[in-house]
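> Mind folding the following:
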Amino acid sequence: MTMLAERTAQILRCIVGEYIDTAVPVGSETIVRKYNLPVSPATVRNEMARLEDEGYITHPHTSAGRIPSDRGYRYYVEYLMEEEELDGVFKYSLRQRLVDVRQFSGPFDEWLRLAVAVLAESVRNAAVATVPRPPRCELQHLEIVVLDHGRALLIVVFSGAWVKQHVLTFTEPMTQEEASVLAARLSDLFGRLTYPEVVGRNVALSPAERQVMDAVADIMAAEDEALFDAAYLDGILHVFRQPEFAAMDVVLELLANLQEENLPKAIPFKRLAGQDIAMVIGGENEQDALRRCSIILTGYGDPGSASGALAVLGPTRMRYSRIIPTLRFLSEVVGEQMAYLS
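Alright, predicted model coming up:
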């Protein structure tokens, strides 16, 4: 993205900040009057025309004012925004409210389901939290239970006592004793390995052993892909109260995409990829229904053992300068509660 000249960038910062605060398209008169810039109204109008030509702002058909485009918001958050400093009272209150949730919950997963409402309230937008998982599944051992007619139940046990099952049909039927010996040998060969290590290990296997390990590899690949499958959502009413979502068809389309079972597809958790904070703004969303929204993501927990993700979803006009430091603080507190309750 090309860097803007200082004066042009200053006017863009005024437009974005004013629109975030008021939800009203911003005119040149407002910029001159409210922000006391040392330039003439004609200069502001010329700079706004340049920003519009270059795609940083646009204007609704019903107004002479201008609003930020997705490109304008992106430039703002990357180069112009100054994060707000959270005051101690706010941080103490938020931490205490999350601690208080413990009296209504049991293990961390239950706490997280209740705590996501507090997260949403603190940012006045929708909040999403995923259940923590290990970074990659690790095979612990296999068991095979013979059923009938060559069929057998494959039981794949991962580290952390996490289990998946799959029915196999062998070309040659085997006894339970033969199946148990086969499972024990494969457990010795592949136990404590991750998916890349399992598929990369070069050892001679019988056809039946190869069939089992192909099935195990498919299961492990699917589990690694499903890292963010379990997620909780709250606070969607905060979003629907914004003027951008006044139309009923917009609300219904967004609701359909934000059912909990759809969250792993709707929320681009993989954008985090080791980053402290990731942002997806408007049209950068892959889902059409979310292109009026921005999503800010962060992680929590220990990436080396178990971790999850937090996300805030709201209109592109969201208050990035406040939400980003709040989300960073929430990551710290949720990580603390995970360590305490797990």
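
> what about the helices in the stretch 51-200 of the chain?
70-75, 88-100, 108-123, 176-190, 195-200 (DSSP state H, counting those that start in this stretch).

> What residues sit buried inside the fourth one?
Going by neighbour count (16 or more other CB atoms under 10 Å), the buried part of helix 176-190 is 179, 182-183, 186-187, 190. Every C-beta, even on glycine, is put in place using the N, C-alpha and C of the backbone.

> For the nearest residue to Val157 once chain neighbours are set aside, give me its contacts.
Nearest non-adjacent residue to Val157, counting by CB to CB, 6 or more residues apart in numbering: Gln140, 4.7 Å away. Gln140 makes contacts with 157-159, 187, 191-192, as judged by CB atoms under 8 Å, 6 or more residues apart in numbering.

> Nearest to Phe170 among these?
Ranked by distance to Phe170 (CB to CB), those are led by Ser187 at 17.9 Å.

> ok, that closest one to Val157 distance?
Computed as CB to CB, to the nearest Å, the Ser187 to Val157 distance reads 9 Å.

> First-to-last residue distance for stretch 153-170?
In stretch 153-170, first residue to last residue: 11 Å (CA to CA, to the nearest Å).

> hmm, who's touching it?
Identification of contacts with stretch 153-170 by CB under 8 Å, 6+ apart yields 134, 137-145, 147, 149-152, 192, 208, 211-212, 215-216, 219-220, 223.

> Taking helix 176-190 as reference, get the angle to the helix or strand where Asp224 lies.
Element membership of Asp224, judged by DSSP states H and E, is helix 207-225. Orientation check (axes from the mean of the first three to the mean of the last three CA atoms, to 10 degrees): helix 207-225 against helix 176-190 gives 50 degrees.

> name the helices or strands packed onto helix 207-225?
In terms of contacts (3 or more CB pairs under 8 Å, 6 or more residues apart in numbering; DSSP states H and E), helix 207-225 is packed against strand 139-146, strand 151-158, strand 162-169, helix 176-190, helix 195-200.

> Go through the third one and flag the buried ones.
To tie it back to what came earlier, the one meant is strand 162-169. By 16+ other CB under 10 Å, the buried positions in strand 162-169 come out as Leu168.

> what are the pairing partners of that strand, and which direction each?
Sheet pairing of strand 162-169 (DSSP bridges) gives strand 151-158 (antiparallel).

> what's the spacing between the partner strand and its chain's center?
A distance of 32 Å separates the centroid of the chain from that of strand 151-158, by CA atoms, centre = their mean, to the nearest Å.

> What of stretch 47-59?
Distance, stretch centre to chain centre, for stretch 47-59: 31 Å (CA atoms, centre = their mean).
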